[in-house]
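Participant: Sharing a model prediction with you, sequence too.
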Amino acid sequence: MDIVGTGFLARNLRPLAGRHPDTVALAAGVSWASGTSDADFAREAALVDEVAKRCADEGRRLLFFSTAATGMYGLAEGPGREDVPVTPCTPYGAHKLALEELLRGTGADHVILRLGHLVGPDQPEHQLLPTLVRQLREGVVRVHRGAARDLIDVGDVITVVDRLLATELRAETVNVASGFAVPVEDIVDHLAKALGLRARREYHDTGVRQHVISTEKLRALVPQVAEMGFGPDYYRRILGDFTASVYV
């Protein structure tokens, strides 16, 4: 596998570099769901177009990482599924959906993975957990009322990627998530207790509904997912691993 990118996800994909030689993993581009600009979106679109056309010319498969988070499925009725039309509810979600459509239009062999919220050591500071830890340290945590997030360990994601690519999957979109939405307040509670921190909470209403990510397709394609511990308490383990890596 060739890996395009040098960030958090790209670094975690490196153990797969010697496997799946027919595949190019595009792990670069916009990873900040808020605060991104039209210029950032345009640069990522140009990169996707360039790499996809190169894959088409070389007869290789492009692995593209999209999102299964609120921006994509926040308005979905019932669990967010890959096989029904979706209406993104944020600019980031709309951007990722547009990139999926762009990729399909290039004619390149491809697999699109819509990811939940990745958790692991050395995450970028703008992502959810580092942001919450920083706010806890500063004494004020900003919580979107009713918000929930599907957390998944980045190591588990890499295991799933390896299994999916081994199936010779083509022209498919798959959610890669735990399938369980964790209230952000519960995440804050866990982080605060584990790190011995206390902070005041500021609540904000965003109007976005809590959503659950469907993992039915993932479980059918990778039956081993049933043995990975995904369930309502899965987040406790991965938050424990995360906080153990955080220096207070």
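Facilitator: Noted; the coordinates are in hand.

Participant: Of all the residues in the helix or strand hosting His95, which ones are buried?
Facilitator: According to DSSP states H and E, His95 maps onto helix 91-106. For helix 91-106, burial by neighbour count (16 or more other Cβ atoms under 10 Å) applies to Tyr92, Gly93, His95, Lys96, Leu97, Leu99, Glu100, Leu103, Thr106. Quick note: C-beta positions are derived from backbone N, CA and C, even for glycine.

Participant: how about the strands of the protein, start to end?
Facilitator: Assigned by DSSP state E, the chain shows strands spanning 2-4, 23-26, 61-67, 109-115, 117-119, 140-144, 148-149, 151-153, 172-176, 182-183, 200-204.

Participant: Could you point out which of those sits nearest Leu221?
Facilitator: Judged by Cβ to Cβ, the one of the strands of the chain that comes nearest to Leu221 is strand 172-176, at 6.5 Å.

Participant: list the helices and strands the closest one packs on?
Facilitator: Packing contacts for strand 172-176, counted by 3 or more Cβ pairs under 8 Å, 6 or more residues apart in numbering; DSSP states H and E, involve strand 109-115, helix 154-166, helix 216-221.

Participant: now the angle from the longest one to strand 61-67?
Facilitator: This means helix 154-166. 140 degrees (axes from the mean of the first three to the mean of the last three Cα atoms, to 10 degrees).

Participant: for the record, mean pLDDT for helix 154-166?
Facilitator: Average pLDDT, helix 154-166: 97.

Participant: so it versus strand 172-176, what angle?
Facilitator: Going by the same axes, to 10 degrees, helix 154-166 makes 160 degrees with strand 172-176.

Participant: in stretch 58-68, what's buried?
Facilitator: Arg60, Arg61, Leu62, Leu63, Phe64, Phe65, Ser66, Thr67, Ala68.

Participant: tell me the phi and psi of the first one?
Facilitator: I take that to be Arg60. In terms of degrees, to the nearest 10, the main-chain angles of Arg60 are phi -110, psi 160.

Participant: ok, now how distant is it from Arg134?
Facilitator: 40 Å (Cβ to Cβ, to the nearest Å).
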